[in-house]
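A.B. asks: Quick one, what's the 3D model for this:
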Amino acid sequence: MVTNGRPPENSDRYSSKLPGLSHLEEAALSIDRRSATLRRALKQVVNAVPAAGTALIRPRTDGTVSWQVEYVGTRRAEMQRWLSAHLDGSLEVAAQALQEKSPYLPDTMPVLLRLHPQTPSWSGLWVLWLFIDLAPTDDEELSSFRRNLEALLEVECKEQLYFRGANTSLDSELRESIANGDCQGLPALLTVARMVTGADLTYWGNVNCDLVQVEWHLGAKRPGFGFELPVGQGVGGRAFDRQEIFQIPDYLNCQYRYPSVSDACDKEEIRSVLAVPIRSSSSNTGAVLYATRRTVAPFSISDRLLLLRLARSVGSVPNGSLASHYSFLSRDESLTKKRSELRQILLHSNDVRDVESWLDGFIKGPAILVDGEGRPYVLNDIDRFERVQRLSSSHKTDSRIISLRRSGVDRRGHLYVWPSISLSPVGWPDFLDDVVTTCNIVIDRMEQVYERLNYQRSRWLKGVIEETTPHSRREGYRLGLPINQGIVWAVAWTRETIQDTEQIRLKSLLEDIALNLMGSPLIFLDDDVGVFLLGRPSCKEPSAVRNELLKVFGPAPLWLVYGTTYDSFDGLKRSLLQATMAVKSARSEENQNYVLEANSMGLDSLLSNPELSDKLDTFAKNLFKPLLAHDSGTGSPLTETLTLVLTLGSVEEAAKRLYVHPNTVRYRVRRAEQILNRTLDSPTDRTALNLAAFVWSRRYANSSGETEPEAT
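C.D. replies: Presented below is the predicted three-dimensional model:
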């Protein structure tokens with residue numbers, strides 16, 4: 001049972017209306033009995049809805065086939081075969097196929113509910129075959145069961161990541177060390193608890209003589225964190241007294257603050273708390289396992305289940321306090337130190353260079369992480385990677401290629417190592433598993449950091465252009481961007497160049513290239529336009545920068561516009577508009593000059609200059625106003641014909657575009673001159689008409705080359 005003192009309005013606690021939720025908790029906590037308890041939960045739902053049948057489709061954990069199916073209901077054997085035949089490697093394709101009516105359940109209507117756990121790659125599908133003649137069940141009841149199914153999927157995903165699918169969350173040696181009372185496994189236990197729940201700070205409280213004593217912790221900012229708390233008081237004391245999981249959404253504003261404890265927790269800025277009690281063989285001794293966050297971010301159902309499972313895997317703690325000494329499983333002090341270093345990287349690092357550097361020192365040989373396309377995650381490793389491979393080939397030195405693939409994630413890549421020692425060190429049997437887990441977590445964290453920063457920069461840039469973001473100047477300073485003076489470069493590519501599945505990885509590669517070459521990040525304005533904000537002129541030639549970017553974009557066209565300057569925050573918007581409009585124009589025209597200076601693009605540079613663009617639009621509309629009104633009233637194409645003749649410079653070329661005789665074009669031009677009261681024989685009129693025609697063709701021509709007149 002989970003409590004937070006008073007159930008919130010949107011509580012994840014179990015609904016009393018729809019049965020089966022307690023079985024879902026049991027399924028999440030036990031791998032051995034999972035399928036059986038899951039089927040019991042689904043059966044109770046079928047009986048309560050009522051429905052002809054229901055199926056849960058989720059990723060398999062053994063890697064044999066893509067999906068595991070649990071079906072409960074009528075015609076079980078036939079439905080199991082029918083479901084298997086309709087499942088595809090893609091969940092989207094499977095979902096579409098399962099929308100068909102099943103021939104074995106003819107009087108039913110399938111209701112498909114997508115399951116979206118916190119890990120997107122571990123999505124699933126829940127299907128209910130409802131009787132057509134019965135009213136649908138309460139959506140809120142189904143939503144409650146659905147949230148718990150998503151929690152189960154999240155638990156299974158993290159089992160593979162952290163527990164390697166084992167039924168027990170801790171290995172036997174760690175459990176034995178805690179059972180023997182020597183604290184040998186507490187740091188490892190707190191590490192796992194922190195990882196599986198996404199906590200900032202985890203700690204362990206021994207319970208003895210009606211007192212909770214916290215000494216062991218992981219993630220504290222200040223030395224000396226700890227406290228004592230009477231059983232029955234505070235959060236942990238109440239959790240142990242009632243033998244219930246206590247969840248506190250915001251400790252700073254909760255009713256269970258205990259004087260000395262709240263002081264220690266407030267110094268650590270603790271906000272959200274999860275406390276799980278652990279009994280010993282004696283009723284008044286045991287422990288409390290805590291997971292906490294420094295933001296108001298309540299723990300999810302899956303977080304609670306995983307922490308509860310971890311606590312249960314400890315078993316029964318010994319009577320009395322655990323001894324205050326600590327040692328690793330290995331008696332080798334150097335190995336102990338190395339394991340501790342790797343754990344710190346796992347917990348805190350967002351840079352794969354930390355993993356590579358640590359491995360270089362441990363295996364006494366090179367270690368390089370590459371992505372799914374074989375590109376090193378660290379840009380500076382490209383030459384090193386090629387050099388080491390050549391040397392390895394010439395000296396016949398074997399390398400080890402270790403897959404980083406996780407279930408459902410194929411793009412992660414590999415770890416290349418050239419070790420001088422055994423990769424199964426004595427005293428560290430799970431060395432490679434620990435390294436792979438660390439690599440994946442660090443890469444995840446690195447991509448999350450990049451994605452968050454890129455989002456902040458992009459949002460700020462759009463806010464500057466659209467003038468929708470308050471405090472833009474202050475936000476620009478915070479992001480470290482040159483906002484008062486600098487130069488804008490813009491690049492554009494086709495949307496097909498970067499696939500959705502590669503966006504984060506490729507954008508982070510571009511970020512590395514940009515920082516190395518320009519000392520400035522490439523800020524993504526849209527999915528197909530990026531901007532450099534340079535505080536000073538670049539020492540790199542624009543063509544050289546484009547060549548480096550093509551290493552990621554190529555083979556694909558890439559346009560680069562450079563040279564728009566600004567000397568104030570207000571001027572920044574004008575420069576951004578000028579550069580981005582110019583590069584988009586070059587792309588839309590498929591300009592074969594891929595590197596362009598903003599101020600050398602001829603008349604196009606006038607239209608991309610925000611100070612002139614609106615004025616030119618107004619000029620063209622006013623000049624053509626009588627002609628547009630005539631075309632609008634009669635349906636004639638005089639504006640289109642005149643602008644084509646003027647922009648192409650040839651009556652014959654315009655006639656070919658319009659599929660008419662040249663004499664027809666000449667007649668239309670003379671008629672347009674009469675309506676506009678202007679003549680092409682006059683140098684002044686011809687200059688004005690040429691400029692207006694150019695603006696009109698660029699602004700209002702559709703993809704076929706025809707103009708879209710608008711009478712005003």
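
A.B. asks: Residue 420: what's it in contact with?
C.D. replies: Neighbouring residues of residue 420 by Cβ atoms under 8 Å, 6 or more residues apart in numbering: 363, 364, 365. Using the backbone N, CA and C atoms, a C-beta is placed for each residue, glycine as well.

A.B. asks: surely the second one meets residue 423?
C.D. replies: Which is residue 364. No. Using Cβ atoms under 8 Å, residue 364 is not in contact with residue 423, being 11.6 Å away.

A.B. asks: Those two: which is more packed in?
C.D. replies: More crowded of residue 364 and residue 423, by other Cβ atoms under 10 Å: residue 423, with 14 against 11.

A.B. asks: The more buried one contacts residue 433, doesn't it?
C.D. replies: No. Between residue 423 and residue 433 there is no contact under Cβ under 8 Å: 11.1 Å.

A.B. asks: Toward the C-terminus, what is the element adjacent to the lengthiest helix in the chain?
C.D. replies: Longest helix of the chain, by residue count under DSSP state H: helix 431-466. For helix 431-466, the succeeding helix or strand toward the C-terminus, using DSSP states H and E, is helix 472-478.

A.B. asks: Report the mean per-residue pLDDT for that next one.
C.D. replies: In this model, helix 472-478 has an average pLDDT of 83.

A.B. asks: Summarise which helices and strands it is packed against.
C.D. replies: helix 431-466, helix 569-588 (3 or more Cβ pairs under 8 Å, 6 or more residues apart in numbering; DSSP states H and E).

A.B. asks: In that helix, which residues are buried?
C.D. replies: 472, 475, 476 (16 or more other Cβ atoms under 10 Å).

A.B. asks: Please apply the same query to stretch 475-493.
C.D. replies: Under 16+ other Cβ under 10 Å, the buried positions of stretch 475-493 are 475-476, 479, 481-483, 486-493.

A.B. asks: Break this protein into its domains for me.
C.D. replies: If you go by automatic domain parsing, the domain ranges for the chain are 2-161, 172-314, 333-437, 481-603, 611-700.

A.B. asks: winner for burial among those domains?
C.D. replies: domain 172-314 (a mean of 20; mean count of other Cβ atoms under 10 Å).

A.B. asks: And that domain, how far out from the chain middle?
C.D. replies: 30 Å (Cα atoms, centre = their mean, to the nearest Å).

A.B. asks: mean confidence for it?
C.D. replies: Rounded mean pLDDT across domain 172-314 is 87.

A.B. asks: Equivalent analysis for stretch 486-506, please.
C.D. replies: Averaging pLDDT along stretch 486-506 gives 75.

A.B. asks: The stretch 1-150 of the chain: strands as residue ranges?
C.D. replies: In the stretch 1-150 of the chain, strands defined by DSSP state E, counting those that start in this stretch lie at 2-3, 51-59, 67-73, 108-115, 124-131, listed in chain order.

A.B. asks: Include pLDDT and distance to residue 66 when you put the contacts of residue 420 into JSON lines, please.
C.D. replies: Output for the contacts of residue 420, formatted as JSON lines (pLDDT from 0 to 100; distance: Cβ to Cβ, whole Å):
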{"residue": "363", "pLDDT": "88", "distance to residue 66": "35"}
{"residue": "364", "pLDDT": "85", "distance to residue 66": "40"}
{"residue": "365", "pLDDT": "86", "distance to residue 66": "37"}
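
A.B. asks: which one of these is nearest residue 538?
C.D. replies: For the contacts of residue 420, the closest approach to residue 538 (Cβ to Cβ) belongs to residue 365, at 37.9 Å.

A.B. asks: Quick check: closest non-adjacent residue to that closest one.
C.D. replies: Taking Cβ to Cβ, 6 or more residues apart in numbering, and ignoring the residues beside it in sequence, residue 365 has residue 418 as its nearest neighbour in space, at 4.2 Å.

A.B. asks: wait, what's in contact with the one you found?
C.D. replies: Shown in contact with residue 418 (Cβ under 8 Å, 6+ apart): 363, 365, 366, 367, 388, 392, 397, 398, 399, 400.

A.B. asks: Ok, residue 384 next?
C.D. replies: Residue 384 sits next to 366, 368, 376 when contact means Cβ under 8 Å, 6+ apart.

A.B. asks: any idea how far it lies from residue 400?
C.D. replies: Remark: distance between residue 384 and residue 400 (Cβ to Cβ, to the nearest Å) = 17 Å.

A.B. asks: pLDDT below threshold where in the stretch 501-650 of the chain?
C.D. replies: 501-503, 554, 599-614 (pLDDT under 70).

A.B. asks: how does it look with 50?
C.D. replies: Residue ranges of the stretch 501-650 of the chain with pLDDT under 50: 501, 601-602.

A.B. asks: could I have stretch 457-471 exported to PDB, CA atoms only?
C.D. replies: What follows is stretch 457-471, C-alpha atoms only, in PDB (Å, rounded to 0.1, in the frame of the first residue of the first chain):
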ATOM      1  CA  ARG A 457      18.500  28.000 -27.500                       C
ATOM      2  CA  SER A 458      15.900  27.300 -30.300                       C
ATOM      3  CA  ARG A 459      13.000  28.600 -28.200                       C
ATOM      4  CA  TRP A 460      15.000  31.700 -27.400                       C
ATOM      5  CA  LEU A 461      15.900  32.300 -31.100                       C
ATOM      6  CA  LYS A 462      12.300  31.900 -32.200                       C
ATOM      7  CA  GLY A 463      11.200  34.200 -29.400                       C
ATOM      8  CA  VAL A 464      13.600  36.900 -30.600                       C
ATOM      9  CA  ILE A 465      12.400  36.700 -34.200                       C
ATOM     10  CA  GLU A 466       8.700  36.500 -33.300                       C
ATOM     11  CA  GLU A 467       9.000  38.900 -30.400                       C
ATOM     12  CA  THR A 468       7.000  36.400 -28.200                       C
ATOM     13  CA  THR A 469       9.500  35.700 -25.400                       C
ATOM     14  CA  PRO A 470       9.600  38.200 -22.500                       C
ATOM     15  CA  HIS A 471      13.100  38.900 -21.000                       C
END
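
A.B. asks: quick one: buried residues of it?
C.D. replies: Buried-residue list, stretch 457-471, by 16+ other Cβ under 10 Å: 457, 458, 460, 461, 463, 464, 465, 469.

A.B. asks: Let me know the pLDDT of the last one.
C.D. replies: Each residue has a pLDDT score; the one for residue 469 is 60.

A.B. asks: do the fourth one as well
C.D. replies: The confidence metric pLDDT takes the value 86 at residue 461.

A.B. asks: Compute the distance between it and residue 640, please.
C.D. replies: In terms of Cβ to Cβ, residue 461 sits 37 Å off from residue 640.

A.B. asks: quick one on the thing from earlier: for the domains of the chain, which one sits closest to residue 450?
C.D. replies: Closest among the domains of the chain, using Cβ to Cβ: domain 481-603, at 4.7 Å.

A.B. asks: got a list of what residue 128 touches?
C.D. replies: Counting by Cβ under 8 Å, 6+ apart, residue 128 makes contact with 45, 49, 51, 53, 54, 110, 111, 113, 142.
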